[in-house]
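K.L.:
sharing a model that was predicted from the sequence below.
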Amino acid sequence: MTADTLRCPGCRRRVRVPAGTDPGRSRCSKCRTRLRAAAADDAYRVFAATVADDPPADEPISLDECEPISTAGPATVELPPPVKVPAAVGGAHPLRGRVTAVFTPFGLFVEREANRPLVFAPVGTVAVAAGRALRLSLPGGPLALLLPTPQLTADTAAFLAGTRPVPDVPVRRRPVWLRPAAALLVLVLVGAAFVGGVALYLTQRPPPPVEPPLAPPPVELPPVEPPPAPPTPTEPPSYFDLMTRDGTTRLPDGPAAVTALAVTPDGSETMVGYADGTTWAWRLDQPTFEPPRVGPRGLGPVRRITFGGDHVFLAGDSGLSVAAARAPRLTLLVPGAPAAALPEPNRERFAAVRGDKLTVRYAPLALLTDPPAARVKQGVVTSTPKDETIPAGPWQDVPAPGVTFLAWHPAGKLLYGTPDGTVVTRPPPPKGGAPTPRLHRAPVRAWAVGPTWPDFATGDDAGVVGVWPAGGAAPFPLKVGSAAVRQLAFSPCGGELAVADAAGAVAVWNLPTRAKVFESFRLGERVIAYGPRADVLMVSDGKGVELWWLEGR
C-alpha cells in the first residue's frame, strides 16, 4: 500500500500517512500534533508565516517550496475561507496585468494561479486608496492594485491598517441572460413550437365564406393620348454631354502616348502633349466630330505645359521649348533639364539646370520673331548664353547636383529638390527667418501649382504629398499611399488635390479635411489634370485621354 508523506507543523518531522486516510484525523507520533490537509486557507497561512522578504518580482513563488518556520501547535480556531476578487496590477510593475486578490485574516495575497501567491501584503502594510486604485508600499517596491469598486478599495486600506476585519466582497447576482444554456434552449424550443402551431392552425383552417361584390357599372374612360415623342437634339453632342450622360468619355487617340495635360488660362481649350513632341488642343464644349487644333511642337516628349501671355512653354527632356500659342512659325529651344518657366508681364523668366548648375535667365523671345537665318534649323532656333539676360537680384548660378524637380512658386520663389528629399528655395530665407520645413525623406519628382488655397504641392517616391498653403500657413505632409507619387493636380477651386502614383491608383483628396473622397485603380502610370470645370478629371489612357465626371462617381 502506498502512503503520503506530510510534514508535522509542530516538530517539523516527516510523517507517513497511509493512502486513503484523512490527514485531518491523523496525529504526529512524536509530538501528537494534528496533521491537517493542505487546504487553501492553510496554504495562505503557511505562506504568510514563511515569507519574510518579498522575492524578486520576475520569479513566481510556489507554495510547494514553502515550509513553516514556527513551531505553532495545532490550530484551535477555524479560520474563515479566503475571499477572492478579480483585480489588476498597473504601472510598470513586472506583474502588470490581470490578477486575483485573495483576502485572509492575516493579510492580502496577489496570485494568477489558484493557491500560488505572487505577492503578500500583511496587516500593517502601508496602503493608500484613490478611487479603485490601491497603492501598496512593499519591501520589493510599490505596487498599484486596481480593485472592482472604490468602496472595496477603501475597506481594503482600512483592513491593512488594522482598523477593520476582512472586507465584505459585494455579491453580484447573475443576470437573467446568464442563466444556464439549457433553460434558454427550452424557452426557445417552446416558443418555436407555439409559433409553429399557430402558423399551422392559420394555414389549415378553412377560409371564411366571402360573397363576391356586385359588379360596378361600366365607366367610360376618356381616350388616352399617346406619350409625347422625345425631343430631337438640335445639335450633335459635345464631350461634356457624353461625359454627363455616361459618366465618362474618351478623346480620340493621338500620334503617340500622352505625356502632359493642361487647360488654357481662359478654360476654352484643353491641350494634350504627346511623347513625340506633338500638342493638340481640344474644345470639350464643341461637337465630338470637330478635329483638334494642332499646337506648338516640342523637342522630345512633352513633360509639362505652361501658358504665358501669347506663348506656350513645353518642358521636355532636352530643354524648354517656347513657341507662339497660335499659328507657331518657329520654336525656341532653351537648353537645360529640368527646366521651368515663370511668365511675367513684361519678360518671360526661366530656370534650368545646366552642368549641375542652377541658372536663372530671361528667355530671348525676340528670336521667335526675328531670328538669324543661319541659326534656324528645321523650324527650331536654339538660344545661347549670349542671347540670355541674367535678372537683377540674388539669381547667380549655384551648384545643384542631382536636382529631382524644378518649379516656380506663385510668390516668385524658385523651388528645387535634392536626392535626399530636401526642398530648397531661391532666394534662401532671410537671416534669422524660419527655415524651409522638411516634409519629405525621399526624392521629390511631382509638383503642382494651385489657383487659390493651397497654392503648391509636392510628391515624393515614398507616397508622401507635401502641401504648402498660401498666406503663411504651416505646410503639412499627407500620406497617400506606399507607391511613388507621379502626378499631382489641383482642382480649379483649389480645395481638392488629385494624386496618381506609380501603381496606377488615381485618388482625389479634400485638403481642408485631409480625407480621400474618390479613388480608382488601373494598371500603368497615368497623367492627370483637372478639366475646365471642377467636376471633370482628365486621365491619360495610352494614346487617348479619358474624361471622368466626378459628380457621377
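P.N.:
Yes, it's here. Numbers count the residues shown, from 1 in each chain.

K.L.:
then stretch 501-517 to PDB, C-alphas only?
P.N.:
What follows is stretch 501-517 as a C-alpha-only set of coordinates in PDB (Å, rounded to 0.1, in the frame of the first residue of the first chain):
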ATOM      1  CA  ASP A 501       1.100  57.000 -58.300                       C
ATOM      2  CA  ALA A 502       3.300  54.500 -60.000                       C
ATOM      3  CA  ALA A 503       1.000  51.600 -59.200                       C
ATOM      4  CA  GLY A 504      -1.800  53.000 -61.300                       C
ATOM      5  CA  ALA A 505      -4.000  54.400 -58.500                       C
ATOM      6  CA  VAL A 506      -5.800  57.800 -59.100                       C
ATOM      7  CA  ALA A 507      -7.300  59.400 -56.000                       C
ATOM      8  CA  VAL A 508      -8.900  62.700 -55.100                       C
ATOM      9  CA  TRP A 509      -8.200  64.200 -51.600                       C
ATOM     10  CA  ASN A 510     -10.100  67.000 -49.900                       C
ATOM     11  CA  LEU A 511      -7.400  69.300 -48.500                       C
ATOM     12  CA  PRO A 512      -9.400  71.200 -45.800                       C
ATOM     13  CA  THR A 513     -10.500  67.800 -44.200                       C
ATOM     14  CA  ARG A 514      -7.500  65.800 -45.400                       C
ATOM     15  CA  ALA A 515      -9.800  63.000 -46.400                       C
ATOM     16  CA  LYS A 516      -9.900  60.800 -49.500                       C
ATOM     17  CA  VAL A 517     -13.200  61.300 -51.500                       C
END
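
K.L.:
list the contacts of it.
P.N.:
Defining contact as C-beta atoms under 8 Å, 6 or more residues apart in numbering, one finds that stretch 501-517 is touched by 453-454, 463, 465, 467, 476, 478, 480-481, 483-486, 494-500, 518-526, 528, 537, 539, 550. Bear in mind the C-beta positions are built from the backbone N, C-alpha and C, glycine included.

K.L.:
do that again at 6 Å, thanks
P.N.:
Outside stretch 501-517, the residues that touch it by C-beta atoms under 6 Å, 6 or more residues apart in numbering are 481, 483-486, 495-500, 518-526, 539.

K.L.:
what subset of those residues is buried?
P.N.:
Those of these that meet the buried threshold are 481, 483-486, 495-500, 526, 539, by 16 or more other C-beta atoms under 10 Å.

K.L.:
helix, strand, or coil at Val334?
P.N.:
strand (DSSP: H, G, I helix; E, B strand; the rest coil).

K.L.:
quick one: neighbours of it, just the number.
P.N.:
24 (other C-beta atoms under 10 Å).

K.L.:
these two touch, right, it and Gly316?
P.N.:
No - between Val334 and Gly316 there is no contact, the gap being 10.4 Å when judged by C-beta atoms under 6 Å.

K.L.:
where do the strands of the stretch 401-550 of the chain begin and end?
P.N.:
Counting by DSSP state E, counting those that start in this stretch, the stretch 401-550 of the chain has strands at residues 406-408, 414-417, 423-426, 444-449, 456-460, 464-468, 476-479, 485-490, 496-501, 505-510, 515-521, 528-530, 536-541, 544-549.

K.L.:
nearest to Met243 among those strands would be which one?
P.N.:
strand 544-549 (4.7 Å; C-beta to C-beta).

K.L.:
do a quick rundown of the helices in the stretch 101-250 of the chain.
P.N.:
150-161, 181-204, 239-246 (DSSP state H, counting those that start in this stretch).

K.L.:
could you dump these into a markdown table and include mean neighbour count?
P.N.:
Converted to a markdown table, the helices of the stretch 101-250 of the chain look like this (neighbours: other C-beta atoms under 10 Å):
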| stretch | mean neighbour count |
| --- | --- |
| helix 150-161 | 19 |
| helix 181-204 | 10 |
| helix 239-246 | 18 |
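
K.L.:
reformat those as CSV; add distance to Ala262 and mean pLDDT.
P.N.:
Formatted as CSV, those follow (distance: least, C-beta to C-beta, whole Å; pLDDT from 0 to 100):
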stretch, distance to Ala262, mean pLDDT
helix 150-161, 68, 92
helix 181-204, 69, 87
helix 239-246, 16, 92
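
K.L.:
give the next helix or strand downstream of the lowest-mean-pLDDT helix or strand in the chain.
P.N.:
Least confident helix or strand of the chain, by mean pLDDT, DSSP states H and E, is helix 40-50 with a mean of 54. Heading C-terminal from helix 40-50, the first helix or strand you meet, by DSSP states H and E, is strand 83-89.

K.L.:
what are the pairing partners of that following strand, and which direction each?
P.N.:
If you go by DSSP bridges, strand 83-89 pairs up with strand 97-104 (antiparallel), strand 141-146 (antiparallel).

K.L.:
for that strand, the distance to its chain's centre please.
P.N.:
Distance, stretch centre to chain centre, for strand 83-89: 38 Å (C-alpha atoms, centre = their mean, to the nearest Å).

K.L.:
buried residues in that strand?
P.N.:
85, 87-89.

K.L.:
what's the most distant pair in those?
P.N.:
Val85 and Val89 (13.6 Å).

K.L.:
so what's Pro142 bridging to?
P.N.:
Ser137.

K.L.:
count of neighbours near it?
P.N.:
Neighbours around Pro142, by other C-beta under 10 Å: 12.

K.L.:
same question, Pro217
P.N.:
Neighbours of Pro217 (other C-beta under 10 Å): 5.

K.L.:
ok, it - contacts?
P.N.:
So Pro217 contacts nothing (C-beta under 6 Å, 6+ apart).

K.L.:
quick one, phi psi at it?
P.N.:
Phi and psi for Pro217, reported as degrees, to the nearest 10, are phi -60, psi 140.

K.L.:
where does it land on pLDDT?
P.N.:
Looking at Pro217, its pLDDT stands at 82.
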